[in-house]
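Student: With the sequence up front, the predicted model follows.
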Amino acid sequence: MANHLGHSLVITSFGESHGPAIGIVIDGFPSDFRVDFDHIQSELNRRRPGQSAITTDRNESDTFDIVSGVFEGKTTGAPIAILIQNISHQSKDYEALKSVYRPGHADQVYDLKYGHRDHLGGGRSSARITAGWVAAGALAKQWILQKQNISIQSVVSSVHQINVPDVFAIDWSNAENNLVRCPDEHIANQMLQLIAEMKTTGDSVGGSISTRIKNCPAGIGEPVFDKLNAELAKAMFSINAVKGIEFGSGFKGTALKGSEFNRSADKDNNHEGGINGGISTGQAIEFTTAFKPVSSIKMTQKAYNTSGDIVDLSIEGRHDPCVLPRAVPIVEAMTALVIADHLVLNLKYKI
């Protein structure tokens, strides 16, 4: 099972949804960097369950412990290990699922691949493990902001059929002021009502998250197999429920002519999304990530059990009716880890 991400700055994820703890090991992080512990906790608070009326009722504090790699508040260059305890899991909610494969989940493919699976919250396939990623990403965000003044922000740009038109052209400064993390207050209220309705009816919805990276210098990214857009795409597809990604004008760009799409000497645009040939151009890097609806719903569905029989299934337990608000800090974290990794990787060309 592959649990690593990165080249020069490598994270190793560990833990399960209902295990005693989850966590992350960060290898290759630069030394002598003063850690802002409060910032790490604030990022975890943005992702943690139980934070609002439209999220899961599982209530984890997501407090963390750094058990290696930091001394007297500064990184030492040694591997940084971060532990987050699981304190609010309710394993009894999953006993009925021991012999049933939940529609939309990885239950059956885990059984097919490994011959054995952890049915308690999905074990390793649970989004619970992304808390460790957010902690690592919070550290990466601090470092890239100090080193290069690079900032990363993600916002919810669509929920179900409710969309923010031309999301990259509007002000994002108020996105954190509403529960949905949408930059348009009026549209955010519509999204909020829909998500609340899904929680009441036991259904779920998906949508999209848009991300902007500001002040990323030109020249980040490897030009062949480790293109910056390919690396970002891999990081995004590592997040549960992600089904697509597009950079810049994305699929809409296929409807343009070359004369319209190209950024020429007399015509400035960002259809490429700040990446050309797999390398950053110095423009803002802009991309949008698509998330499917949450698979765990309370509405009755037909499901296969481990004997191959079809049974009725209504999933109990505590689940998000829409993953997008809590996924915003996860997207930002994974983005920061990729950018930090490639900044460290680029140092070898400057020796």
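Tutor: Here it is on my side, so go on.
Student: Next one, pLDDT for residue 314 please.
Tutor: You'll see residue 314 listed with a pLDDT of 84.
Student: From residue 81, how far off is it?
Tutor: 39 Å (Cβ to Cβ, to the nearest Å). Bear in mind the C-beta positions are built from the backbone N, C-alpha and C, glycine included.
Student: Looking only at neighbour counts, state which of the two leads.
Tutor: residue 81 (19 against 12; other Cβ atoms under 10 Å).
Student: Which element, helix or strand, includes the nearest residue to residue 232 once chain neighbours are set aside?
Tutor: Leaving aside its chain neighbours, residue 232 sits nearest to residue 338 (5.4 Å; criterion: Cβ to Cβ, 6 or more residues apart in numbering). Taking DSSP states H and E as the definition, one finds residue 338 inside helix 324-346.
Student: Low-confidence ranges, the stretch 201-350 of the chain, go.
Tutor: 317, 350 (pLDDT under 70).
Student: just the strands in it please.
Tutor: Secondary structure of the stretch 201-350 of the chain by DSSP state E, counting those that start in this stretch: the strands cover 207-214, 242-247, 275-276, 279-280, 285-291, 301-304, 310-313.
Student: any chance of the ones you listed in CSV, with mean neighbour count and distance to residue 265 too?
Tutor: Compiled in CSV, these are given as follows (neighbours: other Cβ atoms under 10 Å; distance: least, Cβ to Cβ, whole Å):
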stretch, mean neighbour count, distance to residue 265
strand 207-214, 23, 24
strand 242-247, 18, 22
strand 275-276, 21, 14
strand 279-280, 20, 19
strand 285-291, 24, 21
strand 301-304, 15, 56
strand 310-313, 13, 60
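Student: Of those, which is nearest residue 259?
Tutor: strand 275-276 (16.9 Å; Cβ to Cβ).
Student: Direction included, what does that closest one pair up with?
Tutor: strand 279-280 (antiparallel) (DSSP bridges).
Student: In contact with the residue lying closest to residue 53 once chain neighbours are set aside: list those residues for me.
Tutor: Sequence neighbours aside, residue 196 is the residue nearest to residue 53 in space, at 6.9 Å (criterion: Cβ to Cβ, 6+ apart). Listed by Cβ atoms under 8 Å, 6 or more residues apart in numbering, the contact set of residue 196 reads 53, 54, 321.
Student: The last one: how many residues sit nearby?
Tutor: Neighbourhood size, residue 321 [other Cβ under 10 Å]: 24.
Student: wait, it sits on residue 205?
Tutor: Yes. At 7.0 Å, residue 321 counts as touching residue 205 under the criterion of Cβ atoms under 8 Å.
Student: anything in contact with each of those two?
Tutor: In contact with both residue 321 and residue 205: 195, 198, 294, using Cβ under 8 Å, 6+ apart.
Student: what distance separates stretch 318-329 from the centre of its chain?
Tutor: 10 Å (Cα atoms, centre = their mean, to the nearest Å).
Student: Quick check: end-to-end length of it?
Tutor: Distance across stretch 318-329, first residue to last, is 20 Å (Cα to Cα, to the nearest Å).
Student: buried ones in it?
Tutor: 318, 319, 320, 321, 322, 323, 324, 325, 326, 327, 328, 329 (16 or more other Cβ atoms under 10 Å).
Student: In contact with the last one: list those residues for me.
Tutor: So that's residue 329. 43, 46, 47, 134, 137, 154.
Student: Verify the contact between residue 323 and residue 291 for me.
Tutor: Yes. Shown here, residue 323 and residue 291 form a contact pair, counting by Cβ under 8 Å, at 5.8 Å.
Student: what's the overlap in contacts for these two?
Tutor: By Cβ under 8 Å, 6+ apart, the residues touching both residue 323 and residue 291 are 206, 241.
Student: what's the neighbour count on residue 27?
Tutor: The burial count for residue 27: 17, using other Cβ under 10 Å.
Student: now residue 98
Tutor: Neighbours of residue 98 using other Cβ under 10 Å come to 11.
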